[in-house]
Every structure is written in C-alpha cells, then in structure tokens.
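A.B. asks: Just to be clear, the model below is a prediction. Sequence and coordinates:
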There are 2 protein chains.
Amino acid sequence: MATLKDVSKASGFSITTVSRALNGYDDVNKETRDKILDVAKELGYSPNILARSLVKKQSNTIGFLVTDLKRESIKDNFMFETLCGVSDELSNLNYEFVLLSTSTSKQKNKTYSQMCAERQLDGVVIQGLKRDDPYLLEAIESTVPCVLVDIPVEGVNTGYVTSNQLESAKQAVRYLIRLGHQHIAFMNGSPNAYVSTVRYDAYRQVLHEHEIDFRDEYVLNGDFEELASKNVALPFLLNHPEVTAIFCASDVMALGVLQATRELGLNVPDDLSIIGFDNILLSQYVSPPLTTVGQQPYEMGRKAASMIVNIVEEQDAPHEVFVNNQLILRESVTKNRR
Amino acid sequence: MATLKDVSKASGFSITTVSRALNGYDDVNKETRDKILDVAKELGYSPNILARSLVKKQSNTIGFLVTDLKRESIKDNFMFETLCGVSDELSNLNYEFVLLSTSTSKQKNKTYSQMCAERQLDGVVIQGLKRDDPYLLEAIESTVPCVLVDIPVEGVNTGYVTSNQLESAKQAVRYLIRLGHQHIAFMNGSPNAYVSTVRYDAYRQVLHEHEIDFRDEYVLNGDFEELASKNVALPFLLNHPEVTAIFCASDVMALGVLQATRELGLNVPDDLSIIGFDNILLSQYVSPPLTTVGQQPYEMGRKAASMIVNIVEEQDAPHEVFVNNQLILRESVTKNRR
DNA sequence: CTTGATTTCCGAAACGTTTCGGGTTTAAAA
DNA sequence: TTTTAAACCCGAAACGTTTCGGAAATCAAG
C-alpha cells in the first residue's frame, strides 16, 4: 500500500508538504496541493491509522465494552440493538469502533486501563456490566472517558444514558385512564426489585393525579413470573368484575394474565385491557399482540456514542441523557365501554 | 501509561532487552527477566498494540464486515449470532476484532483495500454482502485474506463457511421415516428459489433411498407464506387421511399447516407430524413447539474466525468448511402409530 | 535598494515498538 | 595461557505518520 513517502517521491514534494496538503493545511500552494491530491489518488494512498494514532496520541476509536459476548447474550437483542446504535452513530461521526468483551478470566490478565492503553482508545461505552464489576469501578476512576448505558453512575470523565423508567410507567397508566378506565389493577413484580418500586410509584402517582382512589386489593404480586401471575389473576378477576384494565410490571406477567382471561372466557381487550412492560419479543406474537412499554436500545446506543465523542472532543454537552421509553400500541388495550 | 522506555529506565536494562524479556526470547538471563517482569508489572506496563502493529506489519486484528449495520438488521439475529461466534473464537485465539459496516455511500470514498490498509487488518470475515457488492469482488481479488460466511465463492486468499443445505434437508425427511412415517407430504416454497429446489431434491432422494414411491400429489406449494400454506393444506389433509407427516420447506409454511390442522380438529403431532425449516424465533413459542432444522450461525462464526486466522498464519487448513444445519427436536413430530 | 512580512516549503524529531547485527563477558576446551 | 563457543546484552534502524521550527523565495512598503 502506498505511503506518504511514496506520494512524496512520485510528486516531488517532501513528506511534510504532502502530509500537510492531504490534511488541508493552508500553508501549501493551491497548485502543489492539487498535484499532490492527484498523485495520492492515483496511487490509492490511504493514511495508516496506526501510525497516525501513534503520533497523535489518540486513535479516533471508541470501544464498546460488554460482558461476555458469549452464547447466552444472543437471546438478548437489547445488547445487539444498542451495538447497532453505537456503530451507526460512530460511523456518522467518523470514529472507528472496536468491540470489547470481557470475562472474569480476562480481567485477571489485564486491567481496564491496560485494555484502553493498548489500543489507545479515545473513549469507551459500557453496557451490561454488573454494578460491582471491577472494570466498571476502574472505568469510573479512569482518565479515559466512558459513558454507561443504563447504569446511572456519576464520575469525572463519565456520562450515562438511561431511560425514564418512572415517567414511562406513568404514561402507561395515563393511557389507560385516557381511554376511560377507572378500575385499574396493578400486577407487581417482586417488590424488592428496583424497577418494581418505580412502577408501583408510577401507578399510585397517576391514580392520585386523576383523583382515583388507590385500592390496596388492586395491587397483585406476580413475582415476574407467568404462572404466578396467572394464579393470582384468576381469583382476582373473578372477584373484581368492575376492573376493566390491568397494568403489568412486565410482559411475562402480562402473559400470565392473558392466560387467566382465556381460562375465564374473558375477551382481551373487550372485557379486560392489558398493558405490559419490556416489549419482549413474544409480546408481538401473542394473541392479541400486547400493548407494552419498551425501551429503545438503538436510540440509547446512538445517544451514548454521540455523548462519548462529545466528551472526548471536550465539547461541553450534558453528561446525562434520557431516552424515553416508548409506549408501543398494539391490540391488548381498548376503550372502556362500560 | 508506562512504555518500554519507562520499564527500561526503571529496571536498568536497555529497551531491547526489556522487549526481548517481555516477549519471551531465550537470550536473556533468568534473573534479569524476572526483574524486568517485576518492574513491568509494578508499572502496569502494557504493550502499545499500535506501535507493535506498525513495525510488525500486522495488527493481530480481524475485521468483521457486514453491510449496513443499520436499524433493519436488528430483527435479523442471524448476523448477531455469527458476530458472537466470531468474537468468541477470535478472543480465544488472541486476536482483536473490529466491526466494519459498509454502506454504498462509504464505498465511494474508500475502497475495500484502503479500508484494510488503514487498520492494517490481517484478515476479514465477510457476512451478508450481496453477491454483486463491489467490496465482495474486491475482497476476493485482494491480497488480504478473507473468509465468507454463507457465500460459497472461491478465491486466492479466500475461504468460506457455509451449511449443508441438502444434507440437512435429507436428514429431516429421514427422521420422519425413521419414526415410521410412510406417507410423507412436502410443502414446497416458490419453486424458483434456490433453497426450494434443494429441499425438493432432498425429499425425493430420501424417498427413493427408502424405496418409498414418490407421489406427485404429495407435493404442495405454499409459496413461503403462511396463509397460502394453510389454504393448500386444508383440502389436502382432508383428501389424504393416509398422510401422517409433512415436511415443510420453511417454518412459516409449517405454521400455516399447523393452522389448517387446528381448523380440521387434527392433533399435532398425534394425527400429523410437522417438520419445518429455519428455526425462526416463533417456532419455539408456538403450540406445539415446532420441530425444525435450523442453521447454526454462532458455529459458523466460530469456524469462520478460526479459518481466517489459519489462513493468516499460513497454516494450511481447508478453505471450505461446512457447518451442519441442525435438526431441532421439539414437539410437532412423533412416532407413526398407525 | 533595503527591510520586513508573507507565502511556501522542508528537515528532523517524535510516537512505542521490534529486530538485525554486533559486542562483551564468562565458561569450557585446547 | 590462549582459543572457541556460549550466554547475555545493547545500539540503531525501521514502521508511517505529524508537527515544530526554521529556511528560501516572493512581494510590498519604505
């Protein structure tokens, strides 16, 4: 492959001048620049990024760090989607991007800083590390900037993008109310999970907002499991015919409720509107397709990418970005006709 | 970050010796090696891959080239799975790996060779390019080795990994026969698709193998669509009660057949065994879960990765590898009890 | 015709490695 | 004691860039 030296020889100008011409400096004559450009094109010259990075002390590449890109993560298209987002945005911004997957065994051999130093990464976006992962802690301390997706942690060179958990849950409940539902039940997950409490709060707050009395017996516990939800929904729906809608803290629990309605011979959405959370893949295949609120991992990836290059390039941009979860309207919810 | 020079100074040995010690050359005294290792560890030294690549003229990184990692490719977990495979295998082999996504707009600015040269890629694995993609043609001609997944094309530094379409289809039919089925129908897709003819051939060959008469009326055409398959299956199943099994050239068509059985009040698999092709996501969620033959993209990724480093390292290994499609046994097939 | 500014160019050093060729010391053999 | 070989070490060049500092040539002003 042609190098600067080759172009230099072929054009008759020094390496310095060739370099400066190609990089658009203005202390080179128009004529000589044109000539150099011609020669460069003819020779198919393309700068060696490695050499450039070496001297400029920055590589124009961002790492995307995930845990264990092993077989299991396949079912999790969340990661893949954020990856797509990151990749797209970075390529727009003319950054390269390398995929880094860690495993505990690797972490023994190499620290996070070493990993960054080796490739002279300008920054890294991190996704899916456990909160106590040593790499995560190191990353936050490190001088090389990073942005975390879905891990709201503050740090020096650190930013994060996450979703509006509370607000989106509220929106789901508001949607039901908007459609005229007054007796709305809530299927909660295990109460000691963070998201459970958030969704529970959302439920209560929106009821309050609309001056609908909160009723303790309208809160069920499905423990994030399909079967459990079905079992708890079954008697509930029998005893509370006035309930026309139910907000479930997860799609799997919504599926359980759906089963319960089938066994009771109830029609969804005519007899009962169901709204889920997560937008799992199955939710669009089930019958009727589930209205649910889903995250937007692709969007989060894009935002993360754009944030990391902002930080890298020291433009002051917010170090905290929310990507709104999105209410996905399908067919398990309808107007209250009673 | 600590460099060789730092370690050199801190340990009192020359840069050369430090380098050789760290790289395990045997012309350095045990004592001094130990000392150097100690110092290196203490300083947190980690070699700069860029500098190393520059001088060694090889980067130890493999590119994974896909078209347009844009939003649409998300639904296609095929790509993601092969990516996982490639990544896993490469990390086992101590290679780095960068994701390259092309778009027609990018291709105008940069040729394939330039893309490789810039990063000094040792090799690239290519997935999902159209057969007439300019990059593909260039890749085959190029001096930098590449392996193609699912694109059986010969070239100089080129290899490919693909799946045994014919053999796996045969296996599916054999499976039915093994379970005692004698009257086996075949739901074909549109006959001018390549895979259709392959699966049709497989069907006929296996029947012949087992001396079962081929019957023209046992071949249906579902055009790769669910509804069409249902409509064609409905009268067929009525008129041919002797048929106990049906091999479908795709899962979606199998789904159509499934629907037909429901409408006819037939039980799957007791009254009719159904076997599909593709292992689409829905196939495991439907009731009963569909027995089907699926590709193994993860495995293909691994094989591709391992092949590319073989080629790069000039070990002579086969430049053609088949990853067997796999019969995925679920619940839509059972023994013939008639 | 000087002087000073501007334009245009270039040499050389630097980035962090690897590696070639050779040099010094030590030990074994003659 | 001298020669030879082995063991251990190092200087310097190279990889392909960028960039600092300055040099030559041109031009405008005095």
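C.D. replies: Arrived safely, thanks for sending.
A.B. asks: Flag every residue of the stretch 51-200 of chain A that's near DNA strand D.
C.D. replies: For the stretch 51-200 of chain A, the residues found near DNA strand D under the criterion C-beta under 7 Å from any atom of the strand are A:Ala51, A:Arg52, A:Leu54, A:Val55, A:Lys56. Bear in mind the C-beta positions are built from the backbone N, C-alpha and C, glycine included.
A.B. asks: measure the closest residue to DNA strand D within the stretch 201-338 of chain A to DNA strand C for me?
C.D. replies: Going by C-beta to the nearest atom of the strand, DNA strand D is nearest to A:Glu313 of the stretch 201-338 of chain A, at 14.2 Å. Note on A:Glu313: its distance to DNA strand C, by C-beta to the nearest atom of the strand, to the nearest Å, is 21 Å.
A.B. asks: what about A:Ile328, how many neighbours?
C.D. replies: Other residues within reach of A:Ile328, judged by other C-beta atoms under 10 Å in any protein chain shown, total 16.
A.B. asks: My guess is it contacts A:Gln295. True?
C.D. replies: No. Assessed by C-beta atoms under 8 Å, A:Ile328 is found out of contact with A:Gln295, at 10.5 Å.
A.B. asks: Give the intersection of the neighbour lists for those two.
C.D. replies: Overlap between the neighbourhoods of A:Ile328 and A:Gln295 consists of A:Asn279, taking contacts as C-beta atoms under 8 Å, 6 or more residues apart in numbering or on different chains.
A.B. asks: now what about stretch A:81-98, what contacts it?
C.D. replies: Here stretch A:81-98 has contacts from A:49, A:59-64, A:66, A:99, A:119, A:121-122, A:125, A:127, A:149, A:297-306, A:309, B:69-71, B:73-74, B:96-99, B:101, B:106, B:119, using C-beta under 8 Å, 6+ apart.
A.B. asks: Ok, stretch A:254-262 next?
C.D. replies: A:187, A:222, A:225-231, A:233-234, A:237, A:246, A:248, A:267-268, A:271-272, A:274-277, A:282-283, A:286, A:290, A:292, A:332.
A.B. asks: In helices, which of those appear?
C.D. replies: Judged by DSSP state H, the contacts of stretch A:254-262 include A:Glu226, A:Leu227, A:Ala228, A:Ser229, A:Lys230, A:Asn231, A:Ala233, A:Leu234, A:Leu237 as members of helices.
A.B. asks: quick revisit: return the subset of the contacts of stretch A:81-98 lying in helices.
C.D. replies: A:49, A:119, A:297-306, A:309, B:106, B:119.
A.B. asks: ranking the residues you listed by neighbours, who comes first?
C.D. replies: Highest neighbour count within the ones in helices among the contacts of stretch A:81-98: A:Ala304, with 31 neighbours (other C-beta under 10 Å).
A.B. asks: Looking at the stretch 101-250 of chain A, what residue ends up closest to DNA strand D?
C.D. replies: Shortest the stretch 101-250 of chain A-to-DNA strand D distance, computed as C-beta to the nearest atom of the strand: residue-wise this is A:Gln120, at 12.2 Å.
A.B. asks: got a list of what that residue touches?
C.D. replies: A:Gln120 sits in contact with A:Ser53, A:Leu54, A:Lys57, A:Gln58, A:Ser59, A:Thr61, B:Asn48, B:Leu50, where contact means C-beta under 8 Å, 6+ apart.
A.B. asks: what are the phi and psi values for the fifth one?
C.D. replies: Here is the backbone geometry of A:Ser59 (degrees, to the nearest 10): phi -110, psi -10.
A.B. asks: cool, A:Pro145 as well?
C.D. replies: Taking degrees, to the nearest 10, you get phi -60, psi 150 for the backbone angles of A:Pro145.
A.B. asks: what's around it, how many residues?
C.D. replies: Neighbour count of A:Pro145, defined by other C-beta under 10 Å: 27.
A.B. asks: what do you get for A:Phe97?
C.D. replies: 26.
A.B. asks: Could you check how far it is from DNA strand D?
C.D. replies: Distance of A:Phe97 to DNA strand D, given as C-beta to the nearest atom of the strand: 20 Å.
A.B. asks: Quickly list what that residue is bridged to.
C.D. replies: Partner residues in beta bridges with A:Phe97, using DSSP bridges, are A:Ile62.
A.B. asks: pLDDT score for it?
C.D. replies: The predicted structure scores A:Phe97 at 87 on the pLDDT scale.
A.B. asks: quick one, what contacts the residue lying closest to A:Leu264 once chain neighbours are set aside?
C.D. replies: Spatially, and ignoring its direct neighbours in sequence, A:Leu264 is nearest to A:Leu237 (5.9 Å; C-beta to C-beta, 6 or more residues apart in numbering or on different chains). Contacts of A:Leu237 were listed using C-beta under 8 Å, 6+ apart, and they are A:Val243, A:Ala260, A:Thr261, A:Leu264, A:Leu266, A:Leu272.
A.B. asks: can you list the domains in chain A?
C.D. replies: Recorded structural domains for chain A (assignment: automatic domain parsing) are A:4-47, A:61-163+A:299-323, A:165-295.
A.B. asks: can you tell me the distance between the two ends of the last one?
C.D. replies: Think domain A:165-295. Chord length of domain A:165-295, first to last residue, is 9 Å (C-alpha to C-alpha, to the nearest Å).
A.B. asks: same question, the shortest one
C.D. replies: Using C-alpha to C-alpha, one end of domain A:4-47 lies 8 Å from the other.
A.B. asks: just how off-centre is that domain within its chain?
C.D. replies: Remark: domain A:4-47 is offset 43 Å from the chain centroid, using C-alpha atoms, centre = their mean, to the nearest Å.
A.B. asks: what's the distance between A:Ser190 and DNA strand C?
C.D. replies: In this structure, A:Ser190 lies at 49 Å from DNA strand C, with C-beta to the nearest atom of the strand as the measure.
A.B. asks: Could you work out the most separated pair of the residues of the stretch 51-200 of chain A next to DNA strand D?
C.D. replies: The largest distance within these, taken as C-beta to C-beta, falls between A:Ala51 and A:Lys56 and amounts to 9.5 Å.
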